[in-house]
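A.B. asks: Fold the following for me, if possible:
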Amino acid sequence: MDIIDRCFSRRTVEDILSALEIEAKNSKDDWISTTLQSLKKASPMSLKISLRSIREGRLQGVGQCLVREYIMVCHFMRGEVSKDFIEWNPSKLEQISDEMVDCYFSKVDDEEWEDLKLPPRSNLPAHAIAKL
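C.D. replies: This next block holds a predicted model:
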């Protein structure tokens, strides 16, 4: 668990990969090398989007997470931001700017796409509503 905390608490995907590479050199645990290889094969854009989504989600309630995920999926479905998942473009982590990732988290600017509106949950106790 210490290795996971040391590596995955890093600020960026690049820093996480670098920490895993250091751990792989100093440890004989197969999971480290396997994880490192899996991450290196993954879409660079998806890695950055996923890390940001996970980090934001830690501080949000379920309702906010659902809205964030909905916005991300809308951008993917519209194909307006990147064809990254067809052809990895950009193909390297260092080519992906924060602004490029921000696009996936911004409101969809199209009248035909509606925001996700969760129904009010007034029948729940106040402490439960705060979590939604």
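
A.B. asks: sec struct for Gln60, please.
C.D. replies: Classification of Gln60 using DSSP: H, G, I helix; E, B strand; the rest coil returns coil.

A.B. asks: Helices of this structure, start to end?
C.D. replies: When assigned using DSSP state H, the helices of the chain occupy the ranges 2-8, 13-26, 30-41, 44-57, 62-78, 98-102, 126-129.

A.B. asks: quick one: contacts for the closest residue to Thr35 other than its chain neighbours?
C.D. replies: Spatial nearest neighbour of Thr35, chain neighbours left out: Leu20 (6.4 Å); criterion: Cβ to Cβ, 6 or more residues apart in numbering. For the C-beta atoms, the positions are set from N, CA and C on the backbone; glycine is no exception. Leu20 makes contact with Cys7, Ile32, Thr35, Leu36, Leu39, according to Cβ atoms under 8 Å, 6 or more residues apart in numbering.

A.B. asks: Report how many residues lie close to Lys25.
C.D. replies: As a burial measure, Lys25 scores 9 neighbours (other Cβ atoms under 10 Å).

A.B. asks: and the gap between the most centrally placed residue in the chain and Tyr104?
C.D. replies: Nearest to the mean C-alpha position of the chain, by Cα atoms, centre = their mean, lies Ser50 at 1.5 Å. To Tyr104, Ser50 is 10 Å away according to Cβ to Cβ, to the nearest Å.

A.B. asks: any chance of the helices of the chain in CSV, with distance to Lys117 and mean pLDDT too?
C.D. replies: Listed next are the helices of the chain as CSV, based on distance: least, Cβ to Cβ, whole Å; pLDDT from 0 to 100:
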stretch, distance to Lys117, mean pLDDT
helix 2-8, 34, 93
helix 13-26, 32, 95
helix 30-41, 36, 93
helix 44-57, 20, 94
helix 62-78, 9, 89
helix 98-102, 23, 94
helix 126-129, 16, 64
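
A.B. asks: Save the ones you listed as JSON lines, and put in distance to Leu118 too.
C.D. replies: Below are the helices of the chain laid out as JSON lines (distance: least, Cβ to Cβ, whole Å):
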{"stretch": "helix 2-8", "distance to Leu118": "30"}
{"stretch": "helix 13-26", "distance to Leu118": "30"}
{"stretch": "helix 30-41", "distance to Leu118": "33"}
{"stretch": "helix 44-57", "distance to Leu118": "16"}
{"stretch": "helix 62-78", "distance to Leu118": "5"}
{"stretch": "helix 98-102", "distance to Leu118": "23"}
{"stretch": "helix 126-129", "distance to Leu118": "11"}
